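1. structure for this input, please:
(4 chains)
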Number of protein chains: 2
Amino acid sequence: MFDFVDAYDRAYEIAASRHGLSPAQACVLGRLSAPRAMSELAEELGCDASNVTQIVARLESRDLARRQVNPQDRRSRQIVRTDHGSSLYAQFEESFAFARAAASHLDAGEQEQLVTLLRKALGSLT
Amino acid sequence: MFDFVDAYDRAYEIAASRHGLSPAQACVLGRLSAPRAMSELAEELGCDASNVTQIVARLESRDLARRQVNPQDRRSRQIVRTDHGSSLYAQFEESFAFARAAASHLDAGEQEQLVTLLRKALGSLT
DNA sequence: CCGAGATACTTGATTCAATCAAGCATCAGC
DNA sequence: GCTGATGCTTGATTGAATCAAGTATCTCGG
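-> Below is the predicted model:
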């Protein structure tokens, strides 16, 4: 189990760095298929809001995301992926071959079985 | 799959921090059941030797590990867990309940199946 | 046995992630 | 309109990680 998780993490990190992203940046970018508030992202990542500020600032400085004031609540910002950000993320996903590669060792039935078992194992841990 | 890996990582980090360890420190400490050379550790963690130097330095400063010159090759250091380090690591493992908790949702047959599938999925990826 | 090159580690500089404590702007409710 | 809560940012600090140099030690060919 440790080896599996470790391999997953490494693959993620390598795929990200191939596109000049850190894992954290890739993770945030991936959550921007729709506009999100900073607080939502912080909640999802389980980290401080100021951390998200930093990460988004780095994405913004590379024109991968934009930060715009929410007109409904001017305290809040909506983080949006730029076109550039979207296409970069698509490339990242393409090159994050882990899930696909892992699946390629298993036939359809086994894949389904694995998903079922992982879900069940996860159970109420979340 | 992402959720599973994420849950594992979080659980690891939380268990580590409960004992005042960072994940990296816990990881290194866990590899010291026998004395290891810096270069071995760097190889295993897939990181720079200077990174290991830092991490071990922090462990050493808290009397969890010791660094002693290898008499066979005086360039090389052997990293050894102190008694304190061993007992702390045992506590950490105890509180890193993820594997056990995950397993508790599965019966013996399912556990075996999961391990088989993970191993197979991992295949030659390593 | 000596010197050249390789090996094992350390140091210093730098980047990023993460956390905490303060701070500012804005909002919501009395 | 205040008061207090909410949403985000800033600044300071810690740790992980990487890279480039540097030191000590070993090994091997001449």
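2. model confidence for A:Ala103, exactly?
-> Reported pLDDT at A:Ala103 in the predicted model: 69.
3. what do you get for A:Met38?
-> Looking at A:Met38, its pLDDT is 97.
4. surely it and A:Asn70 touch.
-> No - judged on C-beta atoms under 8 Å, A:Met38 makes no contact with A:Asn70 at a distance of 10.1 Å. In this view, the C-beta of every residue, glycine as well, is placed from N, C-alpha and C.
5. so what sits against both of those two?
-> A:76-77 (C-beta atoms under 8 Å, 6 or more residues apart in numbering or on different chains).
6. who's more crowded, those two?
-> Neighbours of A:Met38 and A:Asn70, each counted by other C-beta atoms under 10 Å in any protein chain shown, are more numerous for A:Met38; the result is 18 against 12.
7. from DNA strand C, how far off is that one?
-> Using C-beta to the nearest atom of the strand, to the nearest Å, one obtains 11 Å as the distance from A:Met38 to DNA strand C.
8. look up how far A:Cys47 lies from that residue.
-> A:Met38 is 11 Å from A:Cys47, where distance means C-beta to C-beta, to the nearest Å.
9. please apply the same query to A:Thr53.
-> Summarising the geometry, the distance separating A:Thr53 from A:Cys47, computed by C-beta to C-beta, is 11 Å.
10. then A:Gln113?
-> From A:Gln113 to A:Cys47 the distance is 34 Å (C-beta to C-beta).
11. these two: which has the busier surroundings?
-> Neighbours were counted for A:Gln113 and for A:Cys47 using other C-beta under 10 Å; A:Gln113 has more, 17 against 13.
12. now do the contacts for the most centrally placed residue in chain A.
-> Nearest to the geometric centre of chain A sits A:Cys27, at 2.5 Å (C-alpha atoms, centre = their mean). Contacts for A:Cys27 were tallied using C-beta under 8 Å, 6+ apart; they are A:Leu45.
13. for the helix or strand it falls within, what is the distance to the chain centroid?
-> Assigning secondary structure by DSSP states H and E places A:Cys27 in helix A:23-30. With C-alpha atoms, centre = their mean, to the nearest Å as the basis, helix A:23-30 stands 4 Å off its chain's centre.
14. that one: which residues count as buried?
-> The neighbour-count check on helix A:23-30 (16 or more other C-beta atoms under 10 Å in any protein chain shown) flags A:24-29 as buried.
15. cool, stretch A:32-43 as well?
-> Residues of stretch A:32-43 classed as buried: A:32, A:36-38, A:41-42 (neighbour count, 16+ other C-beta under 10 Å).
16. thinking again about what came up before, ok, the helix holding A:Cys27 near DNA strand C or not?
-> Yes - residues of helix A:23-30 are located near DNA strand C by C-beta under 7 Å from any atom of the strand, namely A:23-25.
17. Three-state assignment for the closest residue to A:Arg67 other than its chain neighbours, please.
-> The spatially closest residue to A:Arg67, leaving aside those adjacent along the chain, is A:Arg77, at 4.8 Å (C-beta to C-beta, 6 or more residues apart in numbering or on different chains). Of the three states, A:Arg77 takes strand according to DSSP: H, G, I helix; E, B strand; the rest coil.
18. appreciated, that's everything.
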